[in-house]
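Asker: Here's a sequence, model it:
(chains A and B)
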Protein chains: 2
Amino acid sequence: MSRVGEGDRDRVEIQKATAELLAAVNSSDDRRLLAVWSDDGVLMPPNHAVVRGRADLEEYFKERFSRTRFRFAFTFSDIQLAGDLAFERLAYTAVILPAGGAQPVEDAGKGPHVYRRQPDGSWKLALDIWNSDRPAAPQTSTAPEGG
Amino acid sequence: MSRVGEGDRDRVEIQKATAELLAAVNSSDDRRLLAVWSDDGVLMPPNHAVVRGRADLEEYFKERFSRTRFRFAFTFSDIQLAGDLAFERLAYTAVILPAGGAQPVEDAGKGPHVYRRQPDGSWKLALDIWNSDRPAAPQTSTAPEGG
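Answerer: Model prediction:
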């Protein structure tokens, strides 16, 4: 029988939470995704205002999943523990499939997860932010109304 | 004489580091900016690969500052301490001034700083990521070579 240190156990719990988040996103399952989050979690999506707290997260996920399907994969993870916070650095690849049959968009990028240990000992997601490695679409500042 | 707790002292140090970062960015001072960073710091700029470690950070800052001037302001900060890590949640506004007199671009967004306490007790930036609240420029996926 091998003994597993507390830090190792925490790491395994966090890896499980991130795997659960990935499965939930890739199956467009907002309830399953919400279960990974802490009540006051803060989501920082690119090109969107901050989404904070369970009610707003639920509304955001429902809306996103209603118009897009995702195929995310994490290609890198490094977890650091610090007291009741844990900090995971990630890289991802993604295929984003708009509803209605528009062209899929491929993406690759990076970001951290911040997890917070809950009073019951479980780890829940407290913050998620990411951005793309890909070049931005050309600025259209000379045509403010778009093309 | 009031006594200041250790957590309060750490918070003040982190606020100072963030103020120093801001002043360095807004004055395009790569040396001053590098002094805020830990040796193995990880910068995650939007639309760019991860930049990691002092040598690559220096190269990145020099290149950015050579072609752009920035006027950043932080409009929100919340600092959480956890052992030797500290975690600052921020919101920003920015005016980005390309070299050569092209149109300034305004931006607003959000992101966390992760600071790590160093062996000498100082706090250095370990990770910085942000993204914009503004809508993305329209996808140009039907014209892969751009316009």
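
Asker: contacts and neighbour counts: CA atoms only from here.
Answerer: Fine.

Asker: Who are the contact partners of the most centrally placed residue in chain A?
Answerer: Centroid check for chain A by CA atoms, centre = their mean gives A:D128 as the closest residue, at 5.3 Å. Going by CA atoms under 8 Å, 6 or more residues apart in numbering or on different chains, A:D128 touches A:V42, A:L43, A:M44, A:G111, A:P112, A:H113, A:V114.

Asker: go with 10 Å
Answerer: By CA atoms under 10 Å, 6 or more residues apart in numbering or on different chains, the contact set of A:D128 is A:37, A:41-45, A:88, A:111-115, B:111-112.

Asker: which SSE is it in?
Answerer: Per DSSP states H and E, A:D128 falls inside strand A:123-129.

Asker: For chain A, which segments count as strands?
Answerer: For chain A, the strands defined by DSSP state E cover A:37-44, A:51-52, A:68-82, A:85-98, A:105-117, A:123-129, A:131-132.

Asker: mind putting the ones you listed in a markdown table, distance to B:R9 included?
Answerer: Shown next, in a markdown table, are the strands of chain A (distance: least, CA to CA, whole Å):
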| stretch | distance to B:R9 |
| --- | --- |
| strand A:37-44 | 26 |
| strand A:51-52 | 28 |
| strand A:68-82 | 19 |
| strand A:85-98 | 20 |
| strand A:105-117 | 23 |
| strand A:123-129 | 24 |
| strand A:131-132 | 32 |
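
Asker: which helix is the longest one in chain A?
Answerer: Assignment by DSSP state H gives helix A:6-26 as the longest helix of chain A.

Asker: same question for that helix, mean pLDDT?
Answerer: Averaging pLDDT along helix A:6-26 yields 96.

Asker: what inclination does that helix have with respect to strand A:105-117?
Answerer: Angle, helix A:6-26 to strand A:105-117, by axes from the mean of the first three to the mean of the last three CA atoms, to 10 degrees: 140 degrees.

Asker: how far away is A:A86 from chain B?
Answerer: As judged by CA to the nearest CA, to the nearest Å, A:A86 and chain B stand 9 Å apart.

Asker: Contact partners for the residue lying closest to that residue once chain neighbours are set aside?
Answerer: Spatial nearest neighbour of A:A86, excluding adjacent residues (CA to CA, 6 or more residues apart in numbering or on different chains): A:Y115 at 5.0 Å. Going by CA under 10 Å, 6+ apart, A:Y115 touches A:14, A:17-18, A:36-38, A:41, A:81, A:84-88, A:122-128.

Asker: sorry, back to before: what's the closest of the contacts of A:D128 to B:R52?
Answerer: Ranked by distance to B:R52 (CA to CA), the contacts of A:D128 are led by A:G111 at 13.2 Å.

Asker: ok, A:S122 touching A:E13?
Answerer: Yes. If you go by CA atoms under 10 Å, A:S122 and A:E13 touch, sitting 7.8 Å apart.

Asker: Could you report the neighbour count for the nearest residue to A:G53 once chain neighbours are set aside?
Answerer: Counting by CA to CA, 6+ apart, A:G53 lies nearest to A:D40, which is 4.3 Å off, once chain neighbours are set aside. Neighbour count for A:D40, taken as other CA atoms under 10 Å in any protein chain shown: 16.

Asker: Test my guess that A:D40 contacts A:A126.
Answerer: Yes. Counting by CA under 10 Å, A:A126 is a contact partner of A:D40 at 7.0 Å.

Asker: Please identify every residue contacting each of these two.
Answerer: A:R52, A:G53.

Asker: quick one: low-confidence ranges for chain A?
Answerer: A:1-4, A:138-147 (pLDDT under 70).

Asker: and the strand holding A:D128, how far from the chain's centre?
Answerer: Strand A:123-129 sits 8 Å away from the centroid of its parent chain (CA atoms, centre = their mean, to the nearest Å).

Asker: could you give the angle of it to strand A:85-98?
Answerer: 60 degrees.

Asker: For strand A:123-129, output the C-alpha coordinates as CSV.
Answerer: Presented in CSV, the C-alpha positions along strand A:123-129 are these (Å, rounded to 0.1, in the frame of the first residue of the first chain):
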residue,chain,number,x,y,z
TRP,A,123,-11.9,22.0,-4.7
LYS,A,124,-14.1,24.3,-6.8
LEU,A,125,-13.2,26.6,-9.6
ALA,A,126,-12.9,30.2,-8.5
LEU,A,127,-11.6,31.8,-11.6
ASP,A,128,-11.1,30.9,-15.3
ILE,A,129,-9.6,33.1,-17.9
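
Asker: buried sites along that strand?
Answerer: Neighbour-count burial for strand A:123-129 flags A:W123, A:K124, A:L125, A:A126, A:L127, A:D128, A:I129 (criterion: 16 or more other CA atoms under 10 Å in any protein chain shown).
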